[in-house]
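1. Attaching a predicted model along with its sequence, questions to come.
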Amino acid sequence: MLLPEEPAILQVRHAVRRWLALYCPRGEVAVALSGGADSLALTAAAATEARTVRALVVDHGLQLGSAEVAQEAAARARVLGCVSADVLTVEVTGSGGLEAAARDARYRALDSARRTDPVMLGHTLDDQAETVLLGLARGSGGRSIWGMSAFDSPWGRPLLGVRRAVTHQACAELGLTPHEDPHNASPDFTRVRLRTEVLPLLEDVLGGGVASALARTGDQLREEGALLDSVAETAAKRAVVDGQIDAAALADAAPPIRRRVLRTWLLSAGARGLGDKQLRAVDDLVVQWRGQGPVAVGGGTPDVRLVVCRRRGRLNVGLDDRRRV
Ligand SMILES: Nc1ncnc2c1ncn2[C@@H]1O[C@H](COP(=O)(O)OP(=O)(O)OP(=O)(O)O)[C@@H](O)[C@H]1O
């Protein structure tokens with residue numbers, strides 16, 4: 001389809017073109033289309049900019065009429081020039097809340113349908129700002145305020161620099177009325193309240209530019225964090241010996257590097273839900289050794305704790321065979 005030369009759709013097209021040049025020069029991509037404004041504008045731009053675009057629409061089956069919404073989105077994708085548009089029907093089951101279960105099912109379905117192509121997602125600058133703000137309030141440590149990355153194979157996010165208002169405007173320019181997910185307006189979801197109440201208030205009080213500043217901060221932190229991760233990987237090669245941490249070999253490293261080495265080591269040993277407090281307590285076994293007892297970390301069995309102990313200069317992680325909870 002020939003797109004109109006209007007400002008918003010041109011901005012979306014430029015963003016997609018830049019992304020393709022950087023991450024997928026062969027130009028064969030899949031696009032995850034919900035039917036909402038962001039992914040609809042993305043699909044239109046991709047169908048014009050990429051060599052081939054296959055649209056993937058997930059029907060979670062959670063709302064009445066979801067099958068029709070999905071079919072309609074797929075039909076639009078074909079009109080926009082996608083070479084194919086498939087509806088993937090998923091069953092949302094599992095623990096951790098409906099939203100998380102739906103997300104898991106969606107990403108699994110997209111991953112198995114994408115063949116070897118990367119999948120473009122419609123996350124915008126505003127989604128990035130919300131992610132960073134949520135992480136700031138709920139998370140622990142710098143990693144929780146990393147922004148989403150433009151390409152984390154196979155997931156691509158060409159619109160991270162584009163405002164949500166622009167994707168809505170682009171749809172208007174294309175004469176398309178996007179599907180409005182009722183969840184996107186429900187104050188039962190924290191992210192919705194953040195979008196409709198918190199961010200507008202912050203913009204008002206702080207005089208604008210907040211969303212962009214948050215998104216920029218998330219980007220910077222992710223880049224810097226990735227660099228520290230690679231330094232920590234090198235440090236781990238010296239410090240992890242036979243699955244244990246050699247305290248003397250790790251003690252000289254800078255604190256953020258030590259905590260990264262310990263975090264990766266603990267996660268690979270089955271630790272779960274690691275917080276900053278636990279990491280610091282384990283780090284104390286390395287640099288503040290005064291004969292303290294085992295440090296419990298999450299991830300044991302329902303009745304036996306996972307603990308870290310120091311013996312003869314080495315840190316071990318394992319189930320606490322001496323104590324039951
Ligand atoms: N049902 C779905 N099928 C395919 N892709 C989806 C679906 N839901 C979300 N996505 C993808 O994930 C991205 C982010 O999801 P999110 O829930 O934030 O978006 P949305 O508000 O539902 O829709 P949109 O971002 O398209 O306006 C979407 O832009 C889209 O690329």
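-> Yep, that arrived.
2. How is the protein partitioned into domains?
-> 7-211, 242-324 (automatic domain parsing).
3. Buried deepest among those, which one?
-> domain 7-211 (a mean of 18; mean count of other CB atoms under 10 Å). C-betas here are computed from N, CA, C, even on glycine.
4. That one and the ligand in contact?
-> Yes - using CB under 6 Å from any ligand atom, domain 7-211 reaches the ligand at 32-34, 36-39, 56-58, 106, 121-123, 127, 181, 184.
5. So for that domain, mean pLDDT?
-> Taken as a whole, domain 7-211 has a mean pLDDT of 95.
6. can you tell me the distance between the two ends of that domain?
-> Taking CA to CA, to the nearest Å, domain 7-211 runs 21 Å from one end to the other.
7. any idea which element Ile245 lies in?
-> According to DSSP states H and E, Ile245 maps onto strand 244-246.
8. if we look at the next helix or strand after that strand, which residues are touching it?
-> Per DSSP H and E, the first helix or strand lying C-terminal to strand 244-246 is helix 247-251. Here helix 247-251 makes contact (CB atoms under 8 Å, 6 or more residues apart in numbering) with 235, 238-239, 241, 258, 261-262, 285-287, 289, 310, 313-315.
9. Next step: the residues you listed restricted to strands.
-> The strands, defined by DSSP state E, take in Val241, Arg310, Arg314, Leu315 from the contacts of helix 247-251.
10. Most widely separated two among those?
-> Farthest apart among the ones in strands among the contacts of helix 247-251 by CB to CB are Val241 and Arg310. That separation is 13.9 Å.
11. a strand runs through Val53, doesn't it?
-> Yes - Val53 forms part of a strand when assessed by DSSP: H, G, I helix; E, B strand; the rest coil.
12. In contact with it, which residues?
-> Val29, Ala30, Val31, Thr43, Ala46, Ala47, Ala77, Gly81, Cys82, Val83.
13. got the phi/psi numbers for the first one?
-> The main-chain torsion angles of Val29 are listed as degrees, to the nearest 10 and equal phi -130, psi 160.
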